[in-house]
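Chemist: A predicted structure for the sequence below; I have some questions about it.
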Amino acid sequence: MPLIIPDKLPAGDLLQKENIFVMHDAAATKQDIRPLRILMVNLMPDKAATETQIARVLANSPLQVELTLVRMGSHEAKNVLEEYLDTFYKTFDEIKEERFDGMILTGAPVETLSFEEVDYWEELCEVLEYSKTHVYSSMYICWGAQAGLYYHYGIDKYPMKEKMFGVFEHKVVRTHSPLMRGFDDIFWAPHSRYTKIRREDIEEHSEIRILAESEEAGPHILATDNGRQIFIIGHQEYDRETLGLEYYRDLRRGSSPVIVPKNYFKEDQPGKEVLVRWRGHASMLFANWLNYYVYQETPYDLAQL
């Protein structure tokens, strides 16, 4: 089944070239099936790249998904044209009366700031509160996961001595969770962050379960028992090139120190082949979320949420 995206969204052409099944709004309206309504709150500076990454993993499912893109109206974007935002994005004020089967909150490059220092934090808190009543299941990614854990449960983030950067081995610790169906006992996932959450802080909240974690990267996939909130500490959605582009960007900027992403380049040597070993489980993660926590549970009439 296809992923439904706005007409003329640039990511659509790229996805179709990759043989990923997408459908534009105009074609979808001719079908009688009700697609799953997924709200994507995109906090990343490179909106198009993140749209494409999320679209890839959402499209690898037999379910029809309608993607609505939202940005923070209180934040002035510096890396994307206003015309692009006006064409493809809505503000929270424009959708806050609507209801959605699912929501995805992306990461954001603001993790070295306290949450309250982020210029759109007040608006984001409105979104997080809205998700309790107007969204059936929400997936929070990286900084978005940290923000969700902080807002909903008071779990804070902490700075690390060194950037967590690379692709790390993880272990499934709750094999019976529907979100982990089909996963190998050991799998890989990308990380790129300067802060962490502490396992002991999570364990103080019995409503949150750790589903997968890493000895090196820490807790990775968390969820409430009812599946209404999923927290991904990391970036399962990343493309082959994402970590490499970030590494070379840091080189150009003269950042100090410049860290080579671990387990990403062959033999950990930049310029050598990129070892992609997370994409299969990334697709499975999003497909499991859509099927078991959204499609199987959400009411047909969203007004019943």
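Modeler: That came through fine.

Chemist: Now do the SS call for the residue lying closest to residue 239 once chain neighbours are set aside.
Modeler: Sequence neighbours aside, residue 53 is the residue nearest to residue 239 in space, at 5.8 Å (criterion: Cβ to Cβ, 6 or more residues apart in numbering). Glycine gets a C-beta too; all of them are placed from N, C-alpha and C. Three-state assignment for residue 53 (DSSP: H, G, I helix; E, B strand; the rest coil): helix.

Chemist: Would you confirm that residue 53 contacts residue 242?
Modeler: Yes: counting by Cβ atoms under 8 Å, residue 53 touches residue 242, with 7.5 Å between them.

Chemist: Helices of the stretch 151-300 of the chain, start to end?
Modeler: Counting by DSSP state H, counting those that start in this stretch, one finds helices in the stretch 151-300 of the chain at the ranges 199-203, 242-253, 279-288.

Chemist: Adding mean neighbour count and distance to residue 157, write these out as TSV.
Modeler: Shown next, in TSV, are these (neighbours: other Cβ atoms under 10 Å; distance: least, Cβ to Cβ, whole Å):
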stretch	mean neighbour count	distance to residue 157
helix 199-203	13	10
helix 242-253	15	20
helix 279-288	20	22
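
Chemist: mind putting those in a markdown table, distance to residue 185 included?
Modeler: Shown next, in a markdown table, are those (distance: least, Cβ to Cβ, whole Å):
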| stretch | distance to residue 185 |
| --- | --- |
| helix 199-203 | 19 |
| helix 242-253 | 24 |
| helix 279-288 | 11 |
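
Chemist: For residue 150, find the nearest of those.
Modeler: helix 199-203 (10.3 Å; Cβ to Cβ).

Chemist: Touching stretch 211-227 from outside, list them.
Modeler: Contacts made with stretch 211-227 from outside it, assessed by Cβ atoms under 8 Å, 6 or more residues apart in numbering, are listed as 137, 145, 149, 164, 168-174, 177-180, 183, 187, 189, 191, 196-197, 199, 202, 207-210, 229-234, 285, 289, 292-293, 297.

Chemist: Need the buried ones from these selected in PyMOL.
Modeler: To isolate the buried members of these in PyMOL, using 16 or more other Cβ atoms under 10 Å:
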select buried, resi 137+145+149+164+168+170+172+173+177+179+180+183+187+189+191+196+197+202+208+209+210+229+230+231+232+233+234+285+289+292+293
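
Chemist: Do I have it right that residue 293 meets residue 178?
Modeler: Yes: Residue 293 is within contact range of residue 178, at 7.1 Å (criterion: Cβ under 8 Å).

Chemist: pLDDT at residue 10, what is it?
Modeler: Predicted confidence (pLDDT) for residue 10: 79.

Chemist: Name the nearest residue to it, ignoring sequence neighbours.
Modeler: residue 48 (5.9 Å).

Chemist: Before we go further, that neighbour is sitting in a helix, right?
Modeler: Yes: secondary structure assignment places residue 48 in a helix (three-state DSSP).

Chemist: got a list of what it touches?
Modeler: Counted by Cβ under 8 Å, 6+ apart, residue 48 has contacts 10-11, 80, 84.

Chemist: What is the most widely separated pair among those residues?
Modeler: 11 and 80 (13.0 Å).

Chemist: what about residue 70, which helix or strand?
Modeler: Secondary structure from DSSP states H and E places residue 70 in strand 65-71.

Chemist: In terms of packing, which of residue 11 and residue 80 has more residues around it?
Modeler: Using other Cβ atoms under 10 Å as the criterion, residue 11 and residue 80 rank with residue 11 on top: 24 against 17.

Chemist: In contact with the more buried one, which residues?
Modeler: Counted by Cβ under 8 Å, 6+ apart, residue 11 has contacts 5, 48, 51-52, 55.

Chemist: from these, which would you call buried?
Modeler: Counted by 16+ other Cβ under 10 Å, these give 5, 48, 51-52, 55 as buried.

Chemist: hang on, the earlier thing: counting by contacts, list what the strand holding residue 70 packs against.
Modeler: Strand 65-71 sits against strand 3-5, strand 36-41, helix 47-59, strand 90-91, helix 92-95, with contacts defined as 3 or more Cβ pairs under 8 Å, 6 or more residues apart in numbering; DSSP states H and E.

Chemist: Tell me which of the ones you listed sits most buried.
Modeler: The highest mean neighbour count among the helices and strands packed on strand 65-71, using mean count of other Cβ atoms under 10 Å, belongs to strand 3-5: a mean of 26.
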